[in-house]
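S.K.: for reference, the sequence and a predicted model appear below.
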Amino acid sequence: MATIVQFENVGLRYGSGAETLSDVSFSLQSGAFYFLTGASGAGKTSLLRLMYLAQRPSRGIIRLFGEDAVVLPRDRLPGFRRRIGVVFQDFRLVPHLSAWDNIALPLHVAGMPLPEINEAVREMLAWVGLADRAEARPATLSGGEQQRVAIARAVIARPELLVADEPTGNVDPEMADRLIHLFGSLGKLGTTVVVATHDLHLLTRLPQAQMMRLDRGRLHDPTGVLRFPTAAA
Amino acid sequence: MSENRTARVLDEARGLRAMVWVMAIMLFLTVLAAALGLGTASAGRLLDRQLAGRLTVQLVGGDARASDAAATMVLARLRRMPEVTRAVPVPRADLVQLLRPWLGEAADDGELPVPAMIDVDLRDSTDASVARVAERVRAASPLARVDRHQSWMSPVSGLMRTLTWLAAALVALLALATAIVVVLTARAGLEAHRATIEVMHMLGSTDIQVARLFQRRIVRDAALGGLVGTAAAMGMAALVGGQLSRLGSELLGGILLAPLDWALLAALPFLFMGVATLAARWTVTRALRRTL
């Protein structure tokens, strides 16, 4: 399997404070599923922000899709971001757009023709069980429904890397299981999935998933499997 | 991105509709200023054309019989000059008519020493040509005094030019003010839609795609406001023009706008839409460059 994300001794510091992430090194393989765990404040969201290019590290090397993402020129970032799907912890749905339009946004951004967009959105709404809520605005959707819209928006463009920050935080256990299995099925399409969660129950649902644990900004990898996946396997 | 869907990414109900009214007022003032400028420029040109090659020869002094005799002699001399296209004596009755507002019935007094006058049109209006004619006229009669219309109307002509330049400066200043308003509106819009823009960026939108969202919206507001303001100002200009033409004044009649002038006024909102587009694009892309 090809390495899709590679971190080497990555450190992240906000302002002049202590490092939020220190010496983080790992490699993620194409089509694999990873859970990122750790206590609140461990640095999960910061690590994900580095992965989806919302932030540049203070030090270290990040390689995304085989290229050095740290020195990537700003005008090339949109092209990279279109290859990454993100489920934000706070959903970040556009409040005055319907569920349909929110889900369609990445395809509009990518310049896909409207008939294809409509087909893909219809399919995606059915996939997350919101076909009858297509015209609802986020404010009229429950937390779980908003989360499913956010997930649908993140996966509709079939990203190579899907990064989800607590994607099951607002849904009932049954829906959480369903969503995790849906995420798992993306691996078959070659999508690498990273799900940050502190719900240990979820970890048992996908036996093939690998676990990444952050503790106070440091990644625990005692066997080196995250750092050298091929050699360890 | 497709037009209809992405045009709605920026919230329509955020109360930035003030831009429509600002643009309406800006265009109203701009079109009025431009109409004034075009009108005074046209009147100035007309004045210059009318006065450039015109002279008045006055035969002053002596008794009426002597000045009439001198006028006849000067007139004959003028009509032989190749530089002169027309030389016509001003009838004494016309002169008396001109004096009547000041002198009343006394203007009809036959003994009143009214100078004889001759209106002269020259073939070419150069200073050299005027000087040659004036020299020969003075040589023909020591009573002759030559007045060039252009010299006594030059303050009016100068005023027209000043008004034209003032109007042009006003148009330029209003265009600048419009650009500044657009910049401030775009900045306010960026601040109001910060969260949405961040999401758009994370979805892979380029700066140009985001800038286009603002451009479209600002240009649409500018177009709406601009058309309202332009229509109101053109209506006002037409009303004033109608009143000027009823005055029957040759000078003020020159201020009336020609069809080309009206076309230029109608083009102003499009010019301002162009200014708004460029200002919006510049502001948004410049602000976005400071983000990752």
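M.R.: Yep, that arrived. Given the structure is predicted, the values throughout are model-derived calculations rather than measurements.
S.K.: so which elements touch the host helix or strand of residue B:176?
M.R.: Assigned by DSSP states H and E, residue B:176 falls within helix B:149-192. When contacts are defined as 3 or more C-beta pairs under 8 Å, 6 or more residues apart in numbering or on different chains; DSSP states H and E, helix B:149-192 sits against helix B:18-51, strand B:54-59, helix B:207-247, helix B:259-289. For glycine as for every other residue, the C-beta is placed from the backbone atoms N, C-alpha and C.
S.K.: I'd like these as CSV, with mean pLDDT, distance to residue A:201 and mean neighbour count appended.
M.R.: Below are the helices and strands packed on helix B:149-192 laid out as CSV (pLDDT from 0 to 100; distance: least, C-beta to C-beta, whole Å; neighbours: other C-beta atoms under 10 Å in any protein chain shown):
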stretch, mean pLDDT, distance to residue A:201, mean neighbour count
helix B:18-51, 87, 52, 21
strand B:54-59, 86, 103, 22
helix B:207-247, 88, 40, 18
helix B:259-289, 90, 41, 18
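S.K.: dump these to TSV, plus distance to residue B:195.
M.R.: TSV is the format used below for the helices and strands packed on helix B:149-192 (distance: least, C-beta to C-beta, whole Å):
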stretch	distance to residue B:195
helix B:18-51	21
strand B:54-59	72
helix B:207-247	13
helix B:259-289	14
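S.K.: I'd like the ones you listed as JSON lines, with distance to chain A appended.
M.R.: Below are the helices and strands packed on helix B:149-192 laid out as JSON lines (distance: least, C-beta to the nearest C-beta, whole Å):
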{"stretch": "helix B:18-51", "distance to chain A": "18"}
{"stretch": "strand B:54-59", "distance to chain A": "67"}
{"stretch": "helix B:207-247", "distance to chain A": "7"}
{"stretch": "helix B:259-289", "distance to chain A": "7"}
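S.K.: nearest to residue A:197, out of the ones you listed?
M.R.: helix B:207-247 (31.6 Å; C-beta to C-beta).
S.K.: what angle sits between the helix holding residue B:176 and helix B:18-51?
M.R.: Interaxial angle of helix B:149-192 relative to helix B:18-51 (axes from the mean of the first three to the mean of the last three C-alpha atoms, to 10 degrees): 170 degrees.
S.K.: what's the angle from helix B:149-192 to helix B:259-289?
M.R.: Using the same axes, to 10 degrees: helix B:149-192 against helix B:259-289 is 30 degrees.
S.K.: average pLDDT across helix B:149-192?
M.R.: The average pLDDT within helix B:149-192 is 86.
S.K.: how far does the helix or strand just after it sit from its chain's centre?
M.R.: Next in sequence after helix B:149-192, counting helices and strands by DSSP H and E, comes helix B:194-202. How far helix B:194-202 lies from its chain's middle: 48 Å, per C-alpha atoms, centre = their mean, to the nearest Å.
S.K.: send me helix B:194-202 as CSV with only the CA atoms.
M.R.: Extracted in CSV, the C-alpha atoms of helix B:194-202 (Å, rounded to 0.1, in the frame of the first residue of the first chain):
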residue,chain,number,x,y,z
ARG,B,194,-15.4,34.6,7.7
ALA,B,195,-16.7,31.2,8.8
THR,B,196,-18.2,30.4,5.4
ILE,B,197,-15.0,31.5,3.6
GLU,B,198,-13.0,29.3,5.8
VAL,B,199,-15.2,26.3,5.0
MET,B,200,-15.0,27.2,1.3
HIS,B,201,-11.2,27.2,1.5
MET,B,202,-11.1,23.9,3.3
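S.K.: any buried residues in it, and which?
M.R.: Neighbour-count burial for helix B:194-202, with 16 or more other C-beta atoms under 10 Å in any protein chain shown as criterion, is recorded at B:196-197, B:199-202.
S.K.: quick one, domains of chain A?
M.R.: Taking automatic domain parsing as the domain assignment, the ranges for chain A are A:3-83+A:159-232, A:89-143.
S.K.: now the strands for chain A?
M.R.: For chain A, the strands defined by DSSP state E occupy A:3-13, A:19-29, A:33-37, A:59-64, A:67-68, A:84-87, A:161-165, A:192-196, A:210-215, A:218-220.
S.K.: closest one to chain B among those strands?
M.R.: Proximity to chain B (C-beta to the nearest C-beta) singles out strand A:84-87 among the strands of chain A, at 5.6 Å.
S.K.: now do the closest one: which elements does it pack against?
M.R.: helix A:143-155, strand A:161-165.
S.K.: do the shortest one and chain B meet?
M.R.: When you say that, I think you mean strand A:161-165. No: applying C-beta under 8 Å from any C-beta of the partner chain, one finds strand A:161-165 separated from chain B by no less than 10.1 Å.
S.K.: given that strand, what are its sheet partners and their directions?
M.R.: strand A:84-87 (parallel), strand A:192-196 (parallel) (DSSP bridges).
S.K.: distance from the chain centre to the first one, please.
M.R.: The chain centroid and the centroid of strand A:84-87 are separated by 5 Å under C-alpha atoms, centre = their mean.
S.K.: what's the answer for the longest one, then?
M.R.: Taking C-alpha atoms, centre = their mean, the mean C-alpha location of strand A:192-196 is offset from the chain mean by 5 Å.
S.K.: please apply the same query to stretch B:74-92.
M.R.: 35 Å.
S.K.: what of stretch A:87-101?
M.R.: Centroid separation between stretch A:87-101 and its chain, computed with C-alpha atoms, centre = their mean, is 15 Å.
S.K.: contacts for it?
M.R.: With contact meaning C-beta atoms under 8 Å, 6 or more residues apart in numbering or on different chains, stretch A:87-101 is reached by A:45, A:102, A:105, A:121, A:125, A:130, A:133-139, A:141, A:145-147, A:149-151, A:153-154, A:162-167, A:169, B:5, B:8-9, B:11-13, B:195-196, B:198-199, B:202.
S.K.: span of it from start to end?
M.R.: End-to-end distance for stretch A:87-101, by C-alpha to C-alpha, to the nearest Å: 16 Å.
S.K.: circling back to that earlier point, how about the strands paired with strand A:161-165 in CSV, adding mean neighbour count and mean pLDDT?
M.R.: Listed next are the strands paired with strand A:161-165 as CSV, based on neighbours: other C-beta atoms under 10 Å in any protein chain shown; pLDDT from 0 to 100:
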stretch, mean neighbour count, mean pLDDT
strand A:84-87, 26, 94
strand A:192-196, 25, 93
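S.K.: quick one: low-confidence ranges for chain A?
M.R.: For chain A, the stretches with pLDDT under 70 are A:1, A:222-224, A:227-233.
S.K.: in it, what residue is nearest chain B?
M.R.: Closest point on chain A to chain B, by C-beta to the nearest C-beta, is residue A:82, at 3.5 Å.
S.K.: hmm, that residue is touching residue B:202, no?
M.R.: No: with contact defined as C-beta atoms under 8 Å, residue A:82 does not count as touching residue B:202 (10.1 Å).
S.K.: dump stretch B:247-261 to PDB, restricted to CA.
M.R.: What follows is stretch B:247-261, C-alpha atoms only, in PDB (Å, rounded to 0.1, in the frame of the first residue of the first chain):
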ATOM      1  CA  LEU B 247     -34.800  80.600 -21.900                       C
ATOM      2  CA  GLY B 248     -33.900  81.200 -25.500                       C
ATOM      3  CA  SER B 249     -30.300  82.200 -24.500                       C
ATOM      4  CA  GLU B 250     -27.700  81.500 -27.200                       C
ATOM      5  CA  LEU B 251     -25.000  80.900 -24.500                       C
ATOM      6  CA  LEU B 252     -27.100  78.800 -22.100                       C
ATOM      7  CA  GLY B 253     -28.600  77.000 -25.100                       C
ATOM      8  CA  GLY B 254     -25.000  75.700 -25.800                       C
ATOM      9  CA  ILE B 255     -25.200  73.800 -22.500                       C
ATOM     10  CA  LEU B 256     -27.800  71.400 -23.900                       C
ATOM     11  CA  LEU B 257     -26.500  67.900 -24.200                       C
ATOM     12  CA  ALA B 258     -26.000  66.200 -27.600                       C
ATOM     13  CA  PRO B 259     -27.000  62.500 -28.200                       C
ATOM     14  CA  LEU B 260     -23.300  61.500 -27.700                       C
ATOM     15  CA  ASP B 261     -23.300  63.200 -24.300                       C
END
